[in-house]
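> My questions concern the predicted model and sequence given below.
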Amino acid sequence: MQQHSPNYLIMDEPTNHLDVETVEALAKALNSFKGGVLIVSHDEKLIDMVCKELWVVKDRCVMALEGGLEEYKRHVMTQLAL
């Protein structure tokens with residue numbers, strides 16, 4: 001289903017099978033989109049380029065994270081060291 005002027009986009013792994021230039025073009029388009037965007041992704045480059053908030057699903061819970069991707073990676077590394 002497609003809407004003419006959507007208020008939001010929901011994207012699941014949108015960069016699968018895309019080359020670097022296309023990922024960058026997608027990021028540029030998403031950054032200029034006026035509505036909300038929910039992206040499920042493992043692509044750190046895309047996350048760094050477009051995300052204003054980072055939410056993580058862990059242990060059947062969804063958590064909003066402070067500090068972005070780098071802070072989350074530091075947190076995970078700390079937890080792995082325990």
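Arrived safely. Keep in mind it's a predicted model, so treat the numbers as computed, not measured.
> Extract the residue ranges of the chain that are flagged as low pLDDT.
1-3 (pLDDT under 70).
> Mind listing what's buried along stretch 20-40?
Val23, Leu26, Ala27, Leu30, Val37, Ile39 (16 or more other C-beta atoms under 10 Å). All C-beta atoms are positioned from the backbone trio N, CA, C, and that covers glycine.
> In its sheet, which strands sit next to whichever strand or helix holds Leu38, and in what direction?
Per DSSP states H and E, Leu38 falls inside strand 36-40. Strands that pair with strand 36-40, judged by DSSP bridges, come out as strand 8-12 (parallel).
> List of residues touching stretch 13-30?
Leu9, Val37, Ile39, Val40, Ser41, His42, Asp43, Lys45, Leu46, Met49, Val50 (C-beta atoms under 8 Å, 6 or more residues apart in numbering).
> ok, 6 Å please
Residues from elsewhere that reach stretch 13-30 (C-beta atoms under 6 Å, 6 or more residues apart in numbering): Val37, Ser41, Asp43, Leu46, Met49, Val50.
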